[in-house]
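> coordinates only, sequence not included:
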Ligand code: F0G
């Protein structure tokens, strides 16, 4: 057995690292990538990661491949397809912290919207498309609420692979649809929900032999683990008390749990932060299951303004249950009104994010109010996508809603006269 292999979490089958199936060939269960622990763990592994910090060119300049021992150690450098991505900042904002009710600099915002295509999906996609090339895939495909499609389209174009994306017609933010078209993916506007798109993409990948790059694909999650590894490194390997993440299809929640479990097992950190997964109330099957103590899996028909997380039957459910249990985590749901207010605060602080990302901030506020996040706890909230992803949600909030919401910044239309400018400035 090589240093990396895939394990079916349903039936326990083991398959080689470069097997082209994205689900278990025996039972169609979800696969997990397993790595033999690196030869050197603990301080030596931290030192290896630290020595690469600031590398300016090539694969190790990527905030994903810097952690290659934890991602895909056997990938040859020439196989790796990267921009590079990652290297996203950890920001503080007094205005956001004040709104969320956290103390001082205790709230840090990891801005994954600063990835090349504007979302965290680039971290998974660099690994997914690298793996597609390693197995000789002839085309790649995904279902998406938009960001995965944008990332897939871009990385496939970089790698010269044909890309197929399936998105729910009318439920994809404009910036994301524009990216899929611009980067040249064959884009199918499906008259149905994201959950139906995913089922269709799954079937199509089987029938048509294209490589599926949804987060069903375990290699995507290996890349997304690096959000956690990078934030730990930015904190000099001192884990925060909480990591708060918006949750839709649950790929990130699952990836974060795996990253933390491995980091602990390999001696990179000595204690686990708690995960808080935040859903939108109208798309909260995971929060419903959490309330039941995970006694059963819920499915819902999803409706929320945060279209990125408008998902009713999350594919990584089982993986995410483990992540929450392992980290003594929590799962909550916040309303669309809370999401939009949080977004207006993050945007107004000059940082900006898309609606789904703001769920992490709304969730932080809720957990701080309920005393689950305690005063003085160090919290990292993940801003998953860029403000420009969903311009319509911004103009609707600021320009169109009546009555104007609390943080609305109404534009003022004027005639081309100086007095009109003066009047507008004193309003
Ligand atoms: N935030 C943003 C901006 C997203 O695009 C997504 C998922 C999530 C949060 C939720 O992450 O699915 O790992 O729980 N977007 C997927 C897509 C579904 O197709 O772009 P998750």
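Noted; the coordinates are in hand. Because the structure is a prediction, the values reported are computed rather than measured.

> so residue 219: helix, strand or coil?
Under the three-state scheme (DSSP: H, G, I helix; E, B strand; the rest coil), residue 219 adopts helix.

> list the contacts of it.
Contacts for residue 219 (C-beta atoms under 8 Å, 6 or more residues apart in numbering) come out as 33, 72, 124, 127-128, 130-131. C-betas here are computed from N, CA, C, even on glycine.

> which element is the residue lying closest to it once chain neighbours are set aside on?
Spatially, and ignoring its direct neighbours in sequence, residue 219 is nearest to residue 131 (4.3 Å; C-beta to C-beta, 6 or more residues apart in numbering). Element membership for residue 131, per DSSP states H and E: helix 121-134.

> list the helices and strands that helix packs on?
strand 140-143, helix 147-159, helix 218-234 (3 or more C-beta pairs under 8 Å, 6 or more residues apart in numbering; DSSP states H and E).

> quick one, what contacts the residue nearest to residue 219?
By C-beta under 8 Å, 6+ apart, the residues touching residue 131 are 72, 75, 217, 219.

> any idea which of those the model trusts least?
In terms of pLDDT, residue 75 ranks lowest among those, with 94.

> quick check: which of the helices and strands packed on helix 121-134 is buried the most?
Stretch with highest mean neighbour count among the helices and strands packed on helix 121-134: strand 140-143 (a mean of 30; mean count of other C-beta atoms under 10 Å).

> run through the residues of the stretch 1-150 of the chain sitting next to the ligand.
119, 121, 144-148 (C-beta under 6 Å from any ligand atom).

> make TSV out of those and add pLDDT.
As requested, these are exported to TSV (pLDDT from 0 to 100):
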residue	pLDDT
119	98
121	98
144	97
145	97
146	98
147	98
148	98
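
> after the helix or strand containing residue 288 comes which helix or strand?
Using DSSP H and E, residue 288 maps to helix 285-291. Tracing the chain past helix 285-291, the next element assigned as helix or strand by DSSP H and E is helix 317-326.

> now look at that next one and say if it contacts the ligand.
No: for helix 317-326, no contact with the ligand is found by C-beta under 6 Å from any ligand atom; the gap never falls below 7.8 Å.

> may I see the buried residues of that helix?
Neighbour-count burial for helix 317-326, with 16 or more other C-beta atoms under 10 Å as criterion, is recorded at 317-324.

> just those residues now: which is nearest residue 55?
Nearest to residue 55 among these, counting by C-beta to C-beta, is residue 323 at 29.8 Å.

> so residue 361 sits in a strand?
No: using three-state DSSP, the assignment for residue 361 is helix, not a strand.

> to what extent is the residue nearest to residue 229 when sequence neighbours are not counted buried, counted in neighbours?
Nearest residue to residue 229, sequence neighbours excluded (C-beta to C-beta, 6+ apart): residue 67, at 4.7 Å. Residue 67 is flanked by 29 other residues according to other C-beta atoms under 10 Å.

> separation between the residue nearest to residue 246 when sequence neighbours are not counted and residue 343?
Nearest non-adjacent residue to residue 246, counting by C-beta to C-beta, 6+ apart: residue 359, 4.2 Å away. From residue 359 across to residue 343, the span is 9 Å (C-beta to C-beta, to the nearest Å).

> what about those two, which has more around it?
For residue 359 versus residue 343, neighbours defined as other C-beta under 10 Å are more numerous around residue 359 (37 against 28).

> quick one: terminal-to-terminal distance for stretch 7-21?
Terminal residues of stretch 7-21 lie 12 Å apart, using C-alpha to C-alpha, to the nearest Å.

> can you point out the buried residues in that stretch?
Quick answer for stretch 7-21 (16+ other C-beta under 10 Å): 7-8, 15, 17, 21.

> stretch 345-364 near the ligand at all?
Yes: residues of stretch 345-364 contacting the ligand under C-beta under 6 Å from any ligand atom: 354, 356-357.

> contact partners of stretch 339-346?
Contact with stretch 339-346 is made by 93, 95-96, 99-100, 109, 280, 304-306, 334, 352-359, 361-362, 365, 383, 393, 397, 405-408, as judged by C-beta under 8 Å, 6+ apart.

> rerun that using 6 Å as the cut-off
With C-beta atoms under 6 Å, 6 or more residues apart in numbering as the test, stretch 339-346 has contacts from 96, 99, 306, 353, 355, 358-359, 361-362, 397, 407.

> same question for stretch 306-319.
Here stretch 306-319 makes contact (C-beta under 6 Å, 6+ apart) with 145, 171, 173, 194-195, 215-216, 246, 248-251, 254, 280, 283, 286, 297, 299-302, 304, 339, 355-356, 359.

> quick one, which of the residues you listed are buried?
The neighbour-count test (16+ other C-beta under 10 Å) applied to the contacts of stretch 306-319 identifies 145, 171, 173, 194-195, 215-216, 246, 248-251, 254, 280, 283, 286, 300, 302, 304, 339, 355-356, 359 as buried.

> which of those residues fall within strands?
Using DSSP state E, 246, 280 are the members of those that sit in strands.

> look up phi and psi at residue 217.
Phi and psi for residue 217, reported as degrees, to the nearest 10, are phi -70, psi 120.

> quick one: which of the buried residues of helix 317-326 is nearest to residue 272?
Of all the buried residues of helix 317-326, the one sitting nearest residue 272 is residue 323; the distance, using C-beta to C-beta, is 10.5 Å.

> secondary structure element holding the closest residue to the closest one other than its chain neighbours?
Excluding its sequence neighbours, the residue lying closest to residue 323 (C-beta to C-beta, 6+ apart) is residue 257, at 2.2 Å. Using DSSP H and E, residue 257 sits in helix 251-265.

> kindly report the same for residue 32.
Going by DSSP H and E, residue 32 is in strand 31-35.

> okay, the angle between that strand and helix 251-265?
Interaxial angle of strand 31-35 relative to helix 251-265 (axes from the mean of the first three to the mean of the last three C-alpha atoms, to 10 degrees): 30 degrees.

> model confidence over strand 31-35, on average?
Mean pLDDT, strand 31-35: 97.

> neighbouring strands of that strand in the sheet, and parallel or not?
Neighbouring strands of strand 31-35 in its sheet, by DSSP bridges, are strand 4-8 (antiparallel).

> quick check: residue 18 touching residue 135?
Yes: using C-beta atoms under 6 Å, residue 18 is in contact with residue 135, at 5.4 Å.

> now residue 198: closest residue in space, sequence neighbours ignored.
residue 143 (4.1 Å).

> hmm, the one you found is touching residue 195, no?
No: using C-beta under 6 Å, residue 143 is not in contact with residue 195, being 8.6 Å away.

> between the buried residues of helix 317-326, which sits nearest residue 2?
Checking the buried residues of helix 317-326 against residue 2 with C-beta to C-beta, the nearest one is residue 319 at 22.5 Å.
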